[in-house]
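# What follows is a protein structure lacking sequence information:
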């Protein structure tokens, strides 16, 4: 007699990669649509995960739908691999998928990030998954999502330009900080995660695929490889990244990278590299890959970033 | 250290360990005690977790030390991975085994007012004797002179017969085809099932807050509770092989209908809400929101609480609580980005 139990697989408490097959199918279809229409926010159901909403569940769902046993996963938060939330997400992804993990941005096949793009240039075949709290760049001018969806459909971006103009009138410069609104593929304005402006040009004509996912707001959008991403700017007042000049990393001495400012008790500030994986390489004498910004702060696509102009 | 140079993983594991250590031991006795003695708490968590399992809800409450948002998230995360094995038959109000059913619209209603279990008319006095070790006298429950019937006709049916309420349109949609807010993206205006499902699993406090704003004065309506009903409903399934209908068990359900003058062709407009478990305050508030959202769809909304999109987004317990607590996460990169601008503006303006 064959025991019934011998004919069945042992029960697994969770599916591979945690999400069930229906959820994965939906996510993959939404991702394909997002890649097909760069910058367009594709709505999706967004399952609850065993991680609090607003703590990277959008990025996590994308990662779990893409991860395989052969994947090499890097997770960063504010640029740091060892931030507690990044550590927690990495632990969960590895536990549910068996994938290898790394702190090396070059070695990773899937790179999930909150608020940063690494300093080393990402390459073809890599996927950058950005966690997004608010996918809607029009939120400040139109909080109602049904109406903002219509504005995207009509490419009705007049109010965005108006808000930029008002910034110039009031402050003589653009004052949008992170998540600087950018036009993708000449068609859709996106809210780039909230990555700092320093990282925004890295999306432009990038070799890698970027998928942005908001779990709470249930929207996926993408910047496919070699797609134009143009931060909104008037032709006579160019977009500016955060000023990193005069800052040197207190540990490695390196300059012209995005720095964390560390306030000191004497009122001064010290600086350290935000990208901990990159810092780790420098500290261990490992040659990093080419970076987006060179040692003099020049961006690798010449002519993209222009000198500051203040309007009269 | 908050952003540990190394050892972040060890720190978060110890942090979680400490949390549980301070809450007392998690045992099956605790779970059973919560399930047995705190059914309204269990109901609230099951309703917001949109998973009917008193045992799992009690476990979630015990496991989180009673942090309800965390308990709801535990149930939701568990539920999200469970397969759909079958769809139950619709629950007809007239067939619910009703233990409480009241109407504020009429002194008496066909079938009668059934007070059932309620604290409504209790004196809210702490029973301090209990702290002295005095056991409450277990008085025998006095049954009514005549046994109440198990089920009652809906009050709305009487209003319809009187021509005071528009006829309900029969909906022939098969259970498996009903739009499902948990597996589909939600766009606005939302299909009615999405709205009712969202209200059923909404945060009790959030629904109360927005519902109260309408009741109190923002786009004032005075909801009259046409019927509030608590009961036990059969979960009737169809056997996949024989096609026979059978009950898989009973669940505690509650539903509420409020009415207000100003229906279309008929006299009254009706607002409806229902949820798993017994949760009266949530349903009165939710059915009031439903009533006003129904009359104010689109651009005519007078107040955010009249807008379906506003109400549905902002009463989601897992999303609202999760986003709120996410502000504990480090934001120093985005802060630095804003700081760069502020410094430039100060320098340019004030030198």
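Okay, I see it. Source: prediction; values computed, not measured.
# And the strands in the stretch 201-350 of chain B?
Applying DSSP state E, counting those that start in this stretch to the stretch 201-350 of chain B gives strands spanning B:224-238, B:245-261, B:268-276.
# again with chain A
A:42-43, A:72-77, A:100-101, A:110-114, A:127-131, A:182-184, A:188-190, A:209-214, A:219-223, A:229-231, A:259-263, A:269-273 (DSSP state E).
# what does the helix or strand hosting residue B:158 rub up against?
Using DSSP states H and E, residue B:158 falls within helix B:155-161. Outside helix B:155-161, the residues that touch it by CB atoms under 8 Å, 6 or more residues apart in numbering or on different chains are B:94, B:103, B:105-106, B:109-110, B:165-168, B:226-227, B:257, B:259, B:268, B:270. All C-beta atoms are positioned from the backbone trio N, CA, C, and that covers glycine.
# Which pLDDT value does the model give the closest residue to chain A within the stretch 201-350 of chain B?
Residue of the stretch 201-350 of chain B nearest chain A, by CB to the nearest CB: residue B:322 (2.8 Å). At residue B:322, the pLDDT value in this model is 96.
# contacting residues for it?
Neighbours of residue B:322 in contact, by CB under 8 Å, 6+ apart: A:52, A:53, A:54, A:55, A:57, A:216, B:73.
# Could you count how many residues lie near the closest residue to it other than its chain neighbours?
Nearest non-adjacent residue to residue B:322, counting by CB to CB, 6 or more residues apart in numbering or on different chains: residue A:53, 2.8 Å away. The number of residues packed near residue A:53 is 27, by other CB atoms under 10 Å in any protein chain shown.
# I'd like to know which of the strands of chain A lies nearest to residue B:45.
strand A:209-214 (26.2 Å; CB to CB).
# got a list of contacts for that closest one?
A:31, A:34-35, A:58-59, A:61-62, A:126-135, A:190, A:192-193, A:203, A:219-225.
# With stretch B:229-245 instead?
Counting by CB under 8 Å, 6+ apart, B:86-89, B:91, B:93, B:95-101, B:116-117, B:152, B:246-256, B:278, B:280 sit against stretch B:229-245.
# May I see the buried residues of stretch B:154-165?
Neighbour-count burial for stretch B:154-165 flags B:154, B:155, B:156, B:158, B:159, B:160, B:164, B:165 (criterion: 16 or more other CB atoms under 10 Å in any protein chain shown).
# Could you give the average pLDDT over the helix holding residue B:158?
Helix B:155-161 comes out at a mean pLDDT of 89.
# For the helix or strand just after it, enumerate the helices and strands it packs against.
Per DSSP H and E, the first helix or strand lying C-terminal to helix B:155-161 is helix B:192-200. Packing contacts for helix B:192-200, counted by 3 or more CB pairs under 8 Å, 6 or more residues apart in numbering or on different chains; DSSP states H and E, involve strand B:268-276, helix B:280-295, helix B:308-314.
# from the chain's centre, how far out does the shortest one sit?
Relative to the chain's own centre, helix B:308-314 is displaced by 14 Å; criterion: CA atoms, centre = their mean, to the nearest Å.
# And that helix, what does it pack against?
helix B:192-200, helix B:204-216, helix B:280-295.
# if I read this right, residue A:63 contacts residue A:129, doesn't it?
Yes - Residue A:63 is within contact range of residue A:129, at 5.4 Å (criterion: CB atoms under 8 Å).
# Show me whatever sits in contact with both of those two.
Common neighbours of residue A:63 and residue A:129 (CB under 8 Å, 6+ apart) are A:110, A:112.
# Could you list the contact residues of the stretch 101-250 of chain B toward chain A?
B:182, B:183, B:184, B:185, B:186, B:187, B:188, B:189 (CB under 8 Å from any CB of the partner chain).
# what about the second one, how many neighbours?
Read that as residue B:183. Neighbours of residue B:183 (other CB under 10 Å): 14.
# In contact with the residue in the stretch 151-300 of chain A positioned nearest to chain B: list those residues for me.
Proximity of the stretch 151-300 of chain A to chain B (CB to the nearest CB) peaks at residue A:177, 3.6 Å away. When contacts are counted by CB under 8 Å, 6+ apart, residue A:177 touches A:194, A:196, A:197, B:334, B:337, B:338, B:339, B:340, B:341.
# and what of residue B:224?
Per CB under 8 Å, 6+ apart, neighbours of residue B:224: B:104, B:105, B:258, B:259, B:260.
# those helices in chain A, which residues are they?
With DSSP state H, the ranges of helices along chain A come out as A:4-7, A:21-36, A:57-66, A:84-97, A:145-153, A:158-171, A:276-283.
# Export the strands of the stretch 201-350 of chain B as CSV, with columns for mean pLDDT and distance to residue A:286.
Shown next, in CSV, are the strands of the stretch 201-350 of chain B (pLDDT from 0 to 100; distance: least, CB to CB, whole Å):
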stretch, mean pLDDT, distance to residue A:286
strand B:224-238, 96, 61
strand B:245-261, 95, 60
strand B:268-276, 94, 56
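# do you know how far the residue nearest to residue B:322 is from residue B:323?
From residue A:53 across to residue B:323, the span is 6 Å (CB to CB, to the nearest Å).
# anything in contact with each of those two?
Joint contacts of residue A:53 and residue B:323 (CB under 8 Å, 6+ apart) are residue A:216.
# Could you measure from the residue lying closest to residue A:118 once chain neighbours are set aside over to chain B?
Taking CB to CB, 6+ apart, and ignoring the residues beside it in sequence, residue A:118 has residue A:105 as its nearest neighbour in space, at 3.8 Å. Between residue A:105 and chain B the computed distance is 16 Å (CB to the nearest CB, to the nearest Å).
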